[in-house]
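A.B. asks: can't give you the sequence, but here's the structure:
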């Protein structure tokens, strides 16, 4: 089955490359009146206004697998919501007052370096993303300049900063030289999805019975496939499939993140996973599991069980999110 990729709301098939199309407009990331640019809609067009809010159910699970002595994977699921902290009022009760949740953040990280503290690197990645969200992303989203390109650029800058911190830590502790991590980040605001990615973790979207891969592996094998040096059926047993060409930290500096955007729809199911799943479980099994399991918790458990039943040669981490019609609409 050829891998199907999605970009900017469009779907297409590719054998070894993932083309990321560029949107023409730089409308606000969470603007509820915009369809994707392929529909020829201008920003703010009321004639094509769409439902923007989707309810989200999600769950994440990480497991060391059947072989590795420790788990170097990490994950994060978080809500982005407006918060009013009342100190004194003649009307409102003191305390925190939350508005409607309008955003979700999903992150997975797979530490590299083995004995060189891959688990430390992946944990630093999660903390670095948290810091970026609290100090830069939320203020940006609250401003009038939250264009989609600005949000993506913010994540790219955050990953470069995290890489700097990783190398600084490695210089302070020589035993941690070479530590690094992959990163797959999915941000949803209303019905918009932004995926930012480094390494060989993956993000999949299940829509209408079709499994769409939203990321491209940053591996030597993927490069060989892109250049026609190997055939698709040779990927799974190629000895270079574990060699990363891009990571946060690692043996050399210069992380280059890729981002992809699309519009979410009612019924969509999102999966973020480390290669501990995809090297053990075929896409067809992933699709069947995501379709069969109506609850994100059970989907995560089934996927981890499948990876371990197939040998569990690596740590495995999965995050599953279901997007459903907003109950208030």
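C.D. replies: Here it is on my side, so go on. Remember, predicted model here, so these are calculated numbers, not experimental data.
A.B. asks: CA only for contacts and neighbour counts going forward, please
C.D. replies: Will do.
A.B. asks: what's the neighbour count on residue 294?
C.D. replies: 11 (other C-alpha atoms under 10 Å).
A.B. asks: surely it forms part of a strand?
C.D. replies: No: under DSSP: H, G, I helix; E, B strand; the rest coil, residue 294 falls outside any strand and is assigned coil.
A.B. asks: and the gap between the closest residue to residue 259 other than its chain neighbours and residue 245?
C.D. replies: Closest residue to residue 259 apart from its sequence neighbours, by C-alpha to C-alpha, 6 or more residues apart in numbering: residue 196 at 4.3 Å. Distance of residue 196 to residue 245, computed by C-alpha to C-alpha, to the nearest Å: 16 Å.
A.B. asks: more crowded one of the two?
C.D. replies: Taking neighbours as other C-alpha under 10 Å, residue 196 and residue 245 compare with residue 196 leading, 23 against 17.
A.B. asks: quick check: mean pLDDT across the host helix or strand of that one?
C.D. replies: Residue 196 belongs to strand 192-198 when assigned by DSSP states H and E. Mean pLDDT, computed over strand 192-198, is 97.
A.B. asks: where along the protein do the helices fall?
C.D. replies: With DSSP state H, the ranges of helices along the chain come out as 118-132, 138-142, 148-172, 220-226, 275-278, 283-292, 296-309.
A.B. asks: which stretch in these has the least confidence?
C.D. replies: helix 138-142 (a mean of 78).
A.B. asks: list the buried residues for that helix?
C.D. replies: By 16 or more other C-alpha atoms under 10 Å, the buried positions in helix 138-142 come out as 140, 141.
A.B. asks: what residue in this protein is the furthest from its centre?
C.D. replies: What lies farthest from the middle of the chain is residue 90; by C-alpha atoms, centre = their mean that is 43.6 Å.
A.B. asks: distance of that residue from residue 57?
C.D. replies: 37 Å.
A.B. asks: and for residue 98?
C.D. replies: Going from residue 98 to residue 57 by C-alpha to C-alpha gives 18 Å.
A.B. asks: just how off-centre is stretch 165-172 within its chain?
C.D. replies: On the basis of C-alpha atoms, centre = their mean, to the nearest Å, stretch 165-172 sits 25 Å off its chain's mean C-alpha point.
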